[in-house]
Each structure stands twice: as C-alpha cells, then as structure tokens.
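Pasted the sequence and its predicted model underneath.
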Amino acid sequence: MILFCVALSGSACSNNQTETFEYSSDKTEADWISYFSEIGHNVTDLSNHTILVMYPSNCASCINELEWWNNKYQEGFKSKISIVLIERHPATQNNFVDVHKLQLPIFNDREGVVLKRELVPATPVKIYFNSKSELVTMMPMNSRNLSQFLKKVE
C-alpha cells in the first residue's frame, strides 16, 4: 500500500493548494491495465511510466506543466510519458491537442472511468510507475512541485 498526503479544496489546481497530497492507494498495475482496456486501449506494461490525468479545462498552471512534459517527451525523457484526457467530445479533445501542439500519446477517457474506479483522487494529477511497475508517487499537476516529483523518477 502506498500512502500519499491529501489537501484538496475542490480541485487539485487551486491557488491555495499544497504541493503534495496524501492518498492511500491499493491500486496495482493490474488495476490500471484493466482500466486502460476498459477505455479501449491496449496497455500491457506501466514500467517506468509517467501518466498525466486531466480534463482539457484544467487551469493555466497545469497547462504550463503539460507543455513542459510535452517538450520533454519530444526530447526523449527518461520515462515513458502519456496523458489520460477526460473528455466526452472528440472535437474538444482534438482542439485541445491542436492548440497545445501535443505530441504525447493520449488515452481518451470519455466517461471519467479513472475517477469512477478511484485510480486518482482528483485531477489534474501526475503519476509515476517505477521499473517494477509500482506506483511510486502521485501529485497534483502544477509547476511548483515538479522538481519534487522528478526526484522520484528513476
């Protein structure tokens, strides 16, 4: 079991938000792989993988971090990086991808299954699985905690 600290006020992208949050999770790689299968994606391995989970409507500080991850992906970052984008409407998703010039692999979650299955407590959030496919850390997406998150990435 992994324990994270939680201090959320409505959204994980609040201006008053602390930089980390506590979250108790018994979710495993198998839970995540089952989730990806349910939303129509064949993911069989989460080792050394960073996953960003968000709605297209998340706040500006989260968008800044998303663009940072997109640049790192293009440069060849040390872990795999992908986005779970919670969006029902393909046109909205496509517009979001185009506006931000995203090159990252995107997994569309049209129904918010990631939240229904309680794989994440809130969005936007970034998650890292180590080389053994163990969930190592989960933090809100914001530029203030990026260096703290990166210290945990192998």
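It's in.

Just give the number of residues close to residue 87.
Using other C-beta atoms under 10 Å, residue 87 is surrounded by 21 other residues. For every residue, glycine as well, the C-beta is placed using N, CA and C.

What separation do you get for it and residue 39?
From residue 87 across to residue 39, the span is 12 Å (C-beta to C-beta, to the nearest Å).

Now do the contacts for residue 83.
Shown in contact with residue 83 (C-beta atoms under 8 Å, 6 or more residues apart in numbering): 51, 52, 53, 54, 66, 102, 104, 105, 106, 107.

I'd like those as TSV, with neighbour count and secondary structure appended.
Compiled in TSV, the contacts of residue 83 are given as follows (neighbours: other C-beta atoms under 10 Å; DSSP: H, G, I helix; E, B strand; the rest coil):
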residue	neighbour count	secondary structure
51	26	strand
52	22	strand
53	25	strand
54	25	strand
66	21	helix
102	17	coil
104	20	coil
105	13	coil
106	17	strand
107	19	strand
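
and of those, the nearest to residue 137?
Set against residue 137, the nearest of the contacts of residue 83 by C-beta to C-beta is residue 51 (11.3 Å).

Settle this for me: that closest one is touching residue 79, isn't it.
No. Taking C-beta atoms under 8 Å as the definition, residue 51 is not a contact partner of residue 79, at 9.8 Å.

what's the overlap in contacts for residue 87 and residue 39?
Contact criterion C-beta under 8 Å, 6+ apart; residues shared by residue 87 and residue 39: 108, 109, 110.

From the contacts of residue 83, pick the one nearest residue 116.
Relative to residue 116, the closest of the contacts of residue 83 is residue 53; by C-beta to C-beta it sits at 12.7 Å.

ok, for that closest one, nearest residue in space, not its chain neighbours?
Closest residue to residue 53 apart from its sequence neighbours, by C-beta to C-beta, 6 or more residues apart in numbering: residue 84 at 4.4 Å.

beta partners for that neighbour?
Judged by DSSP bridges, the bridge partners of residue 84 are residue 53, residue 107.
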